[in-house]
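Trainee: I'll drop the sequence and a predicted model, then ask my questions.
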Amino acid sequence: MRLKKWEKLPLSMQNEEVRAYYDILKKKRCALFFKRLFDIVLSALMLIIFSPTFIVLAVAIKIDSRGPVFYRQERVTQYGKTFRIFKFRSMVKDADKSSQITLDNDSRVTRVGKFIRKCRLDEICQLIDVFRGTMTFVGTRPEVPKYVKEYTPQMQATLLLPAGITSLASIYYKDEAELLDNAEDADAVYIEKILPAKMHYNLKAIEQFGFWRDIKIMFMTVFAVLGKKYVSDDAVNG
């Protein structure tokens with residue numbers, strides 16, 4: 001995983017706040033190399049192992065509702081580049097035309113979609129993105145451009161690395177939809193409250209970046225999907 005020279009970064013990222021995080025990562029080039037090597041090898045292996053699951057999910061989605069198998073929404077990854085993420089479609093066709101936030105009891109979610117979202121199977125095809133290099137296993141979850149425009153100068157530092165499938169923020173906020181259920185303006189609540197809270201953990205992850213820490217977070221993610229509840233140290237100490 002290559003870290004660009006400072007002067008080659010997008011101008012929006014060339015600020016003092018980002019520089020502090022850039023200098024941290026610059027000292028960890030070896031860990032970045034092994035992170036990318038790990039991504040390639042594991043994603044390729046998992047794509048082979050889960051290929052039968054891909055077929056079953058694709059058939060179930062097509063039978064359950066009209067529309068494509070994959071949901072290819074535009075997201076933002078490393079250095080502010082946009083890409084079309086791979087997700088198994090869990091909602092009705094063109095659902096994002098009304099809102100880009102999914103609530104816990106969202107009527108747009110299909111029957112099959114409820115199951116695959118609960119088990120996080122809708123994100124399994126993001127292994128394709130990891131193999132391609134547009135994503136990584138552990139990193140800040142990819143946001144839509146609409147929300148990236150709301151980033152503070154400091155939040156821009158999360159774009160130094162590729163977007164990730166999982167992170168500590170994802171684990172602590174895995175029930176995010178429930179937090180938005182009763183909000184009159186879900187977009188406003190997300191931008192003003194949830195996004196800054198998640199970014200606190202995403203920025204902290206850069207400060208503590210390390211290959212073995214990524215491995216730990218991947219195991220935590222598996223346990224979280226199986227039902228284990230994690231409480232952040234900040235929440236305990238606060």
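Mentor: Right, received. Where do you want to start?

Trainee: not counting residues beside it along the chain, what's closest to the residue nearest the centre of the chain?
Mentor: Taking C-alpha atoms, centre = their mean, the centroid of the chain lies closest to residue 141, which sits 2.1 Å from it. Closest residue in space to residue 141, ignoring its immediate chain neighbours: residue 170 at 5.6 Å, by C-beta to C-beta, 6 or more residues apart in numbering. Just so you know, the C-beta spots here come from the backbone N, C-alpha and C atoms, and that holds for glycine as well.

Trainee: measure the one you found to residue 48 for me?
Mentor: 25 Å (C-beta to C-beta, to the nearest Å).

Trainee: what do you get for residue 151?
Mentor: For residue 151, the distance to residue 48 - C-beta to C-beta - is 36 Å.

Trainee: of those two, give the one with the bigger neighbour count.
Mentor: residue 151 (19 against 10; other C-beta atoms under 10 Å).

Trainee: can you give me the helices for the chain?
Mentor: 16-26, 29-49, 51-64, 111-118, 127-132, 145-148, 168-172, 176-180, 186-189, 195-207, 211-225, 233-237 (DSSP state H).

Trainee: residues touching the nearest residue to residue 18 once chain neighbours are set aside, list them.
Mentor: Closest residue to residue 18 apart from its sequence neighbours, by C-beta to C-beta, 6+ apart: residue 157 at 4.5 Å. Residues near residue 157 by C-beta atoms under 8 Å, 6 or more residues apart in numbering: 13, 17-18, 20-22, 203, 206.

Trainee: go again with 10 Å.
Mentor: 13, 15, 17-22, 24-25, 140, 151, 199, 202-203, 206-207 (C-beta atoms under 10 Å, 6 or more residues apart in numbering).

Trainee: again with residue 30
Mentor: Counting by C-beta under 10 Å, 6+ apart, residue 30 has contacts residue 211.

Trainee: how much space separates it from residue 211?
Mentor: Remark: distance between residue 30 and residue 211 (C-beta to C-beta) = 9 Å.

Trainee: need the residues touching each of these two.
Mentor: Counting by C-beta under 10 Å, 6+ apart, residue 30 and residue 211 have no common neighbour.

Trainee: and the closest residue to residue 29 other than its chain neighbours, how many neighbours?
Mentor: Of all residues not flanking residue 29 in the chain, residue 3 sits nearest, at 6.7 Å (C-beta to C-beta, 6+ apart). Around residue 3 there are 16 other residues, counting by other C-beta under 10 Å.

Trainee: need the pLDDT of the residue of the chain positioned farthest from its centre.
Mentor: The outermost residue of the chain, judged against the average C-alpha position, is residue 63 (27.7 Å), by C-alpha atoms, centre = their mean. If you check residue 63, the pLDDT there is 92.

Trainee: before we move on, the earlier item: most packed of the helices of the chain?
Mentor: Comparing the helices of the chain by mean neighbour count (mean count of other C-beta atoms under 10 Å), helix 168-172 ranks first with a mean of 22.

Trainee: just checking, what packs against that helix?
Mentor: The contact analysis (3 or more C-beta pairs under 10 Å, 6 or more residues apart in numbering; DSSP states H and E) places helix 168-172 against helix 195-207, helix 211-225, helix 233-237.

Trainee: one more pass at 6 Å, please.
Mentor: helix 195-207 (3 or more C-beta pairs under 6 Å, 6 or more residues apart in numbering; DSSP states H and E).

Trainee: just want the angle from the helix it packs on to helix 211-225.
Mentor: With axes from the mean of the first three to the mean of the last three C-alpha atoms, to 10 degrees applied, the angle from helix 195-207 to helix 211-225 works out at 140 degrees.
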